[in-house]
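K.L.:
sequence? don't have it. structure:
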């Protein structure tokens with residue numbers, strides 16, 4: 001099965017919590033989730049929007065979010081999401097789970113979709129029954145505009161079965177179309193229109209709680225406590241609303257467990273009882289890399305060439321670019337934590353420095369510019385290749401690796417062509433125009449974009465180097481450098497910088513800086529923790545005994561992957577620590 005858009009088939013690592021009735025605030029991934037859950041649970045009245053207390057939380061790929069990921073939390077009947085705003089903040093959104101399951105379109109960004117066949121899961125969570133609709137059956141009736149029949153108060157006598165077949169038959173009680181929703185082109189039955197007028201969701205509007213209707217209302221059989229009852233259902237973008245008239249008034253309205261159904265559909269399993277520990281991969285006796293207590297280290301990938309750059313794609317898979325010029329897409333991870341199926345996306349790239357994977361293309365900084373590659377037919381192999389820009393000569397090695405900006409810009413340290421005589425940070429727009437982003441640094445090196453800032457290493461005349469932060473301006477250029485955020489001693493070359501936050505999981509505290517460094521003969525990962533008085537942080541060894549750590553990245557399962565070019569391995573570091581430990 002092929003994607004609607006680009007790149008690899010989605011393979012994501014699933015982790016979860018089951019509900020605990022006596023939950024505490026720590027059960028939630030974010031205080032904003034806890035606040036919304038408490039407000040809506042208290043105000044729901046006859047409608048319980050969420051069902052149980054929180055299930056799992058995890059990082060999911062989302063192209064529009066910083067680092068291409070966002071924190072989400074699942075519940076029986078929905079999903080909360082920390083979604084970035086245009087101003088650089090975050091807001092809690094609620095997933096369009098019913099829409100995604102009935103259309104098969106998984107939203108990996110505002111403009112990026114992944115296709116997966118709608119599931120044959122009965123919407124009442126029971127076993128297969130020809131009278132109970134499935135999401136696959138409902139896919140036949142969603143997003144098909146209906147005429148406005150609310151003025152005629154037309155009776156609702158349509159019945160739907162498991163396969164989505166619609167027939168006309170007598171209804172158990174009289175229900176009629178009472179309101180037409182022009183935004184999506186569907187009629188609301190009087191029982192739902194009346195419910196919405198009662199403000200049953202407190203301060204939350206019914207559109208915020210459910211989304212717009214994407215189907216007409218249908219009668220069907222729906223099991224409550226194992227007993228099938230004639231019920232009226234309607235599919236909304238976020239949830240499926242159910243009305244069972246034969247039950248007591250306080251029990252007549254419910255919602256399908258779309259949160260649980262969606263998780264099973266997307267990840268192929270029910271939520272496990274506890275957060276699984278990511279496996280570190282192969283741990284041969286001769287592996288000498290050291291890690292702190294509470295961490296484990298192993299080999300994630302080898303025999304793929306000499307890894308010099310890593311990226312996490314929009315689908316959550318790990319991408320590797322090698323010194324030999326190959327791009328390898330790791331499509332799966334084994335139960336032991338080792339790279340599974342791999343696909344060679346492209347070959348024969350001239351001396352790659354690094355790689356970034358965007359929603360619509362893959363970009364690699366090479367000897368003579370920035371190459372853009374696309375997979376237009378969805379087979380997982382690049383069939384289009386061109387130069388986004390030949391106006392920059394990237395700096396040698398990982399110092400010339402690209403960084404992806406929030407609006408699709410590519411930042412690269414190098415020499416501007418033609419005529420540039422010194423190393424600067426450049427920015428290339430999506431249309432291929434390359435300009436100098438800043439000349440404020442003496443000899444810039446590795447760069448990384450984090451939200452609305454670019455962080456850059458600058459080598460001083462005395463051989464020491466420092467890390468600076470510069471604001472991203474509207475035209476893609478950079479504001480003036482901050483005071484030094486960190487300093488590195490003479491002879492230390494910084495190959496990569498990571499700024500950790502909650503979306504990276506428990507690999508380290510939010511705000512911690514990880515740096516991959518080398519001294520010409522050995523390499524290591526060092527950690528720099530924020531200080532309370534804003535003084536320069538101490539540089540502390542985190543993981544040692546690498547050969548040449550050219551790049552590192554945190555995968556969606558929270559593991560730290562390091563490209564060790566000397567030993568031709570991708571090293572994987574995992575932790576059993578929980579956030580805040």
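P.N.:
Structure received. As the structure is a computational prediction, the values presented were derived from the model and not from experiment. Residues are numbered from 1 along each chain as shown.

K.L.:
okay but residue 548 is in contact with residue 518, surely?
P.N.:
Yes. Counting by C-beta atoms under 8 Å, residue 548 does reach residue 518; the two are 5.6 Å apart. Yep, even glycine has a C-beta here, placed from its N, CA and C like the rest.

K.L.:
residues shared between the contacts of the two?
P.N.:
Common neighbours of residue 548 and residue 518 (criterion: C-beta atoms under 8 Å, 6 or more residues apart in numbering): residue 495.

K.L.:
can you pull out the strands in the stretch 351-500 of the chain?
P.N.:
354-357, 362-366, 369-374, 384-389, 392-394, 403-404, 410-416, 424-428, 434-438, 444-450, 453-459, 465-471, 486-488, 493-499 (DSSP state E, counting those that start in this stretch).

K.L.:
What of the stretch 1-150 of the chain?
P.N.:
57-61, 69-75, 78-84, 90-94, 105-109, 112-115.

K.L.:
For residue 214, give me its contacts.
P.N.:
Here residue 214 is in contact with 98-99, 102, 142-143, 184, 186, 235-237 (criterion: C-beta under 8 Å, 6+ apart).

K.L.:
do the same with residue 369
P.N.:
Contacts of residue 369 (C-beta under 8 Å, 6+ apart): 387-394.

K.L.:
Return the set of buried residues in stretch 27-45.
P.N.:
For stretch 27-45, burial by neighbour count (16 or more other C-beta atoms under 10 Å) applies to 27-30, 33-34, 36-37, 40, 44.

K.L.:
Please apply the same query to stretch 311-325.
P.N.:
Those would be 311-323, 325, for stretch 311-325 by 16+ other C-beta under 10 Å.

K.L.:
could you redo the residues you listed as JSON lines and give each row distance to residue 278, pLDDT and secondary structure?
P.N.:
Formatted as JSON lines, those follow (distance: C-beta to C-beta, whole Å; pLDDT from 0 to 100; DSSP: H, G, I helix; E, B strand; the rest coil):
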{"residue": "311", "distance to residue 278": "19", "pLDDT": "96", "secondary structure": "strand"}
{"residue": "312", "distance to residue 278": "14", "pLDDT": "94", "secondary structure": "strand"}
{"residue": "313", "distance to residue 278": "18", "pLDDT": "90", "secondary structure": "coil"}
{"residue": "314", "distance to residue 278": "20", "pLDDT": "85", "secondary structure": "coil"}
{"residue": "315", "distance to residue 278": "18", "pLDDT": "84", "secondary structure": "coil"}
{"residue": "316", "distance to residue 278": "13", "pLDDT": "87", "secondary structure": "coil"}
{"residue": "317", "distance to residue 278": "15", "pLDDT": "92", "secondary structure": "coil"}
{"residue": "318", "distance to residue 278": "13", "pLDDT": "96", "secondary structure": "strand"}
{"residue": "319", "distance to residue 278": "18", "pLDDT": "98", "secondary structure": "strand"}
{"residue": "320", "distance to residue 278": "18", "pLDDT": "98", "secondary structure": "strand"}
{"residue": "321", "distance to residue 278": "23", "pLDDT": "98", "secondary structure": "strand"}
{"residue": "322", "distance to residue 278": "24", "pLDDT": "98", "secondary structure": "strand"}
{"residue": "323", "distance to residue 278": "27", "pLDDT": "98", "secondary structure": "coil"}
{"residue": "325", "distance to residue 278": "30", "pLDDT": "98", "secondary structure": "coil"}
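
K.L.:
What is the nearest of those residues to residue 454?
P.N.:
Nearest to residue 454 among these is residue 311, at 17.2 Å by C-beta to C-beta.

K.L.:
who does the closest one bridge with?
P.N.:
residue 319 (DSSP bridges).

K.L.:
just to revisit the earlier point, just send the strands of the stretch 1-150 of the chain back as JSON lines, with mean neighbour count, distance to residue 553 and mean pLDDT too.
P.N.:
Output for the strands of the stretch 1-150 of the chain, formatted as JSON lines (neighbours: other C-beta atoms under 10 Å; distance: least, C-beta to C-beta, whole Å; pLDDT from 0 to 100):
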{"stretch": "strand 57-61", "mean neighbour count": "24", "distance to residue 553": "13", "mean pLDDT": "87"}
{"stretch": "strand 69-75", "mean neighbour count": "24", "distance to residue 553": "11", "mean pLDDT": "90"}
{"stretch": "strand 78-84", "mean neighbour count": "22", "distance to residue 553": "19", "mean pLDDT": "90"}
{"stretch": "strand 90-94", "mean neighbour count": "16", "distance to residue 553": "22", "mean pLDDT": "91"}
{"stretch": "strand 105-109", "mean neighbour count": "19", "distance to residue 553": "18", "mean pLDDT": "93"}
{"stretch": "strand 112-115", "mean neighbour count": "19", "distance to residue 553": "19", "mean pLDDT": "90"}
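
K.L.:
Output those in a markdown table; the columns should cover distance to residue 171.
P.N.:
Output for these, formatted as a markdown table (distance: least, C-beta to C-beta, whole Å):
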| stretch | distance to residue 171 |
| --- | --- |
| strand 57-61 | 40 |
| strand 69-75 | 32 |
| strand 78-84 | 29 |
| strand 90-94 | 31 |
| strand 105-109 | 32 |
| strand 112-115 | 35 |
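
K.L.:
The ones you listed: which one's closest to residue 286?
P.N.:
Here strand 57-61 is closest among these (C-beta to C-beta), at 32.7 Å.

K.L.:
same for the closest one, what does it pack against?
P.N.:
Packing contacts for strand 57-61, counted by 3 or more C-beta pairs under 8 Å, 6 or more residues apart in numbering; DSSP states H and E, involve strand 69-75.

K.L.:
Please name every helix or strand in contact with the strand it packs on.
P.N.:
Looks like strand 69-75 contacts strand 57-61, strand 78-84, helix 258-267 (3+ C-beta pairs under 8 Å, 6+ apart).

K.L.:
Strand partners (parallel or antiparallel) of it?
P.N.:
Assessed with DSSP bridges, strand 69-75 is paired to strand 57-61 (antiparallel), strand 78-84 (antiparallel).

K.L.:
Could you export the ones you listed as CSV, including distance to residue 426?
P.N.:
Formatted as CSV, those follow (distance: least, C-beta to C-beta, whole Å):
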stretch, distance to residue 426
strand 57-61, 28
strand 78-84, 25
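
K.L.:
Minimum distance to residue 491: which of those strands has it?
P.N.:
Nearest of those (C-beta to C-beta): strand 57-61, 36.0 Å.
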